[in-house]
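Participant: Whatever this is, show me its structure:
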Amino acid sequence: MLPGRLNPFCFQGLLLVAVTALGHAQQPGVVRLPWDQWQMHIGDDPRCAAVQGQGCTLQKYFFDLNRYGIEWQRIEVTLPPNLLEPQEQLGLVVQGEDPVYEVFVNGQLIGGSGSFSTYVGPQDSRIVLKMPASLPADGHITIAIRMLSLHPFLPASGFEPTIAPLDQTRTVMDEDTLAYLRASWQHYLCFGLLACTGLVFFLLFSVNTRLREYFWLGALLVLLFTFRLGELASVLDIGMPSWAGVINFNFGNGVQTLIIIEFVFSFLGRPVPRFFRLVEICGALSILNVFLLAPFIYQALSPLVRVMGAIVIHSFGVAILAAILAQLLLVPTCFKSKLGEMRWIGGAVLFLTLVEGRWQAGWVLSLGFPEYFRWGALDFDVRPVAWLLFAVVMLIAMTFRLRRIQDRNREVEQEMAAARSVQQILIPDQLPSIPGLRIDSAYLPAQEVGGDFFQILPIPNAANLELPSAFIVLGDVSGKGLKAAMTVSLIVGTLRTSASHCTSPAELLGEVNRALIGRNDGFATCLALMVDSSGRLRVANAGHPNPYLDGSEIQTEANLPLGLDAEIRYSEITFQLDVDSFCTLVTDGVVEATSPSGELYGFERTQAISSQPANTIAEAAREFGQEDDITVLSISRTLDLNPGLA
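Facilitator: Coordinates of the predicted model:
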């Protein structure tokens, strides 16, 4: 691989480095060695290091998948007289080289990088090597570089090797770096802004982890910036090891399409279809390069297998290109969505796919598309601008989404306020007086409107009853919010209307059951009691937790909840409530209270405290961890015919 050529160990490698360094005017006392003047030899032939190089076949750079392994680069140059002074120590600046190489001057090894025994070295290193102390009087020298080439299908580019007085080599490197940064500031500025935008999306995701689209956007934009680490490794001489560059480039390329697909369908709130799962896998094939290019694996491969590996590695680039182009199929999905912001996203994906596909096609198919457009002293890079526009469009789309969510939240808040108002009207603030009975109530509504309800409905002067009686009804509607509150209002209205003519709790439940059939897609559990001052209790149960009498559970016949079957007939049981006895009714808010560790309050704990006052039972369930509605009714008998009610 030519020194300084675009290295797939990073996303764009040193293609960005082929900037103003190649256009430097020849400086006094500095000899630059442009890459287009070098020749190459395929294979490991030590004769290429010699001055004459007899037997070393040289040719211009060419593309060949068989060029995997060791090769030589060679150039002959005549130094100007001012560099041949005896007291002048010369240095050779080698910049952007492959991880493993050795440099020879007139057949003499002067240094290198990495190890040919392990195939491991720093990525894109920039080093200064001392030239031999004695050089030919005519200044004619031969420089040869022995290197390990893993990616021969990439074009030459990069900082030029340079010969200069040793005390000026650092200045030469600094000038090259400054010239590069002046020409490429737009490139890094755009990707830096992308990283900042990605961190904003990560912050939004941390606030609400259910919105996974924020995570995918943040991951995509930050990932784009991490690709730049490979480029900065050469420009700033970070000394990144080659294996880190391999992982950085191949993993990033492999997950880019995956992230875009996951983002689109997360935004839509839909699972990723099977076809797009295959597209994700196709794009992720480049991750396998991490293993195929691992030095300890590559070193063990036979020459034939290495040639086949070259074809396989190149095919991964084709797979990535196919995955990028498949992103175009996301565009109709975006435009068909009812969400207005999806059209912004669809347009951004279309534009981005065309830009990325053009670059990938130019790299994989060797089409030679220019990466930069020269604008004065600036090498204008289209890709980061495309990504930056993508990020801006995403911010616009997310702004529309945030407005839609805020509108929806306001609607929900209004709905919840209406539901709470309805519920407060339906739950009695003051209980009616029933002679001979004391009724204690505790109602702890959840922050979110639930479906608990209870009613105390006196039946004065009932014709077939010797003593005044009352219906006591406790229940729980499935669901929450305004819908549950409307169902409760229907049930309470039916109870109040039917209580005047029903003669038993079973008949009362039947009336409510028929009222719910066909008018609600939920159901309600309910416990209905008819009680008189003599202490006789008749109980009918529609799927509700059983009542408790003096700390013992009263077994009732299991029946379906209300609203499920119009033909059901509810059964009854009768028992006696003696003086100083307690009958306790609870909703499932008590039994199903859950602690932070996930433990249920359960029936045993409920039964153990069932003889306690209603408020004590409700507070025990709330302190245990219940966040749903809690309702408790406690009924006790008194000989006082003018009782008080809690």
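Participant: so after the longest helix seen in the chain, what's the next helix or strand?
Facilitator: For the chain, the longest helix by residue count, based on DSSP state H, is helix 382-426. Note on helix 382-426: by DSSP states H and E, the next helix or strand toward the C-terminus is strand 437-444.
Participant: Report the strands that pair with the helix or strand just after that next one, each with its relative direction.
Facilitator: With elements assigned by DSSP H and E, the helix or strand that comes after strand 437-444 is strand 452-459. Taking DSSP bridges as the criterion, strand 452-459 forms sheet pairs with strand 469-477 (antiparallel).
Participant: ranges for the strands of the stretch 451-600 of the chain?
Facilitator: Per DSSP state E, counting those that start in this stretch, the stretch 451-600 of the chain carries strands over the ranges 452-459, 469-477, 524-532, 536-542, 548-549, 552-553, 572-576, 582-586.
Participant: In terms of secondary structure, what does the last one contact?
Facilitator: Read that as strand 582-586. Packing contacts for strand 582-586, counted by 3 or more C-beta pairs under 8 Å, 6 or more residues apart in numbering; DSSP states H and E, involve strand 469-477, strand 524-532, strand 548-549, helix 614-624, strand 630-637. Where C-beta positions appear, they are placed from N, C-alpha and C, glycine not excepted.
Participant: What lies in contact with it?
Facilitator: Residues from elsewhere that reach strand 582-586 (C-beta atoms under 8 Å, 6 or more residues apart in numbering): 454, 472, 474, 527, 529, 537, 545, 547-550, 554, 577, 606, 610-611, 614, 617, 631-636.
Participant: Out of the residues you listed, which end up buried?
Facilitator: Buried members of these, counted by 16 or more other C-beta atoms under 10 Å: 454, 472, 474, 527, 529, 537, 545, 547-549, 554, 577, 606, 610-611, 614, 617, 631-636.
Participant: burial of E71, as a residue count?
Facilitator: 21 (other C-beta atoms under 10 Å).
Participant: looking at this, it is in a strand?
Facilitator: Yes - according to DSSP: H, G, I helix; E, B strand; the rest coil, E71 belongs to a strand.
Participant: Bridged to it, which residues?
Facilitator: Partner residues in beta bridges with E71, using DSSP bridges, are I42, M147.
Participant: start at 746 instead
Facilitator: I'll keep to 746 as the first residue from here, and by that count the last item is E816.
Participant: low-confidence ranges in the stretch 1196-1345 of the chain?
Facilitator: Applying pLDDT under 70 to the stretch 1196-1345 of the chain picks out residues 1205-1213, 1226, 1265-1266.
Participant: that older thread, with respect to F1010, which of the strands of the stretch 1196-1345 of the chain lies nearest?
Facilitator: Nearest to F1010, of all those, is strand 1214-1222, at 34.9 Å by C-beta to C-beta.
Participant: list the buried ones in the closest one?
Facilitator: Along strand 1214-1222, these residues count as buried under the neighbour rule (16+ other C-beta under 10 Å): S1214, A1215, F1216, I1217, V1218, L1219, G1220, D1221, V1222.
Participant: Can you lay out these as a markdown table showing distance to I1179?
Facilitator: Below are those laid out as a markdown table (distance: C-beta to C-beta, whole Å):
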| residue | distance to I1179 |
| --- | --- |
| S1214 | 8 |
| A1215 | 5 |
| F1216 | 10 |
| I1217 | 9 |
| V1218 | 14 |
| L1219 | 15 |
| G1220 | 19 |
| D1221 | 23 |
| V1222 | 25 |
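Participant: Which residues does the helix or strand hosting L1097 contact?
Facilitator: L1097 belongs to helix 1086-1109 when assigned by DSSP H and E. With C-beta under 8 Å, 6+ apart as the test, helix 1086-1109 has contacts from 751, 899, 1005, 1009, 1012-1013, 1059, 1062-1063, 1065-1066, 1069-1070, 1072-1073, 1075-1080, 1082, 1112-1114, 1116, 1127-1128, 1131-1132, 1134-1135, 1138-1139, 1141-1143, 1145-1146, 1149.
Participant: Narrow the residues you listed to those that are buried.
Facilitator: Among these, those classed as buried by 16+ other C-beta under 10 Å are 751, 899, 1005, 1009, 1012-1013, 1062, 1065-1066, 1069-1070, 1072, 1075-1076, 1078-1079, 1082, 1116, 1128, 1131-1132, 1135, 1138-1139, 1142-1143, 1146.
Participant: so where's the stretch 846-995 of the chain uncertain?
Facilitator: Within the stretch 846-995 of the chain, the stretches with pLDDT under 70 are 868-869, 895-903, 975-976, 978-985, 987-988, 990-991.
Participant: Would you map the helices across it?
Facilitator: Applying DSSP state H, counting those that start in this stretch to the stretch 846-995 of the chain gives helices spanning 914-952, 957-980, 987-1013.
Participant: now for the second one, which elements pack on it?
Facilitator: Read it as helix 957-980. When contacts are defined as 3+ C-beta pairs under 8 Å, 6+ apart, helix 957-980 sits against helix 914-952, helix 987-1013, helix 1127-1171.
Participant: how about the nearest residue to the most centrally placed residue in the chain, chain neighbours excluded?
Facilitator: With distances taken as C-alpha atoms, centre = their mean, F960 lies nearest the centre of the chain, 3.4 Å away. Leaving aside its chain neighbours, F960 sits nearest to F950 (4.4 Å; criterion: C-beta to C-beta, 6 or more residues apart in numbering).
Participant: Count the neighbours of the one you found for me.
Facilitator: A total of 19 residues lie near F950 under the criterion other C-beta under 10 Å.
Participant: Kindly report the same for Q1352.
Facilitator: The local packing of Q1352 (other C-beta under 10 Å) involves 16 other residues.
Participant: residues in contact with it?
Facilitator: Contact partners of Q1352, counting by C-beta under 8 Å, 6+ apart, are Y1293, G1296, S1297, E1298.
Participant: same deal with T1332?
Facilitator: Applying C-beta under 8 Å, 6+ apart to T1332 gives the contacts D1197, L1219, G1220, D1221, H1289, P1290, D1374, I1375, T1376, V1377.
Participant: Who are the contact partners of the second one?
Facilitator: By that I understand L1219. For L1219, the contacting residues are F1198, F1199, C1271, L1272, H1289, L1330, V1331, T1332, T1376, L1378, by C-beta under 8 Å, 6+ apart.
Participant: Since that was my last question, I'll sign off now.
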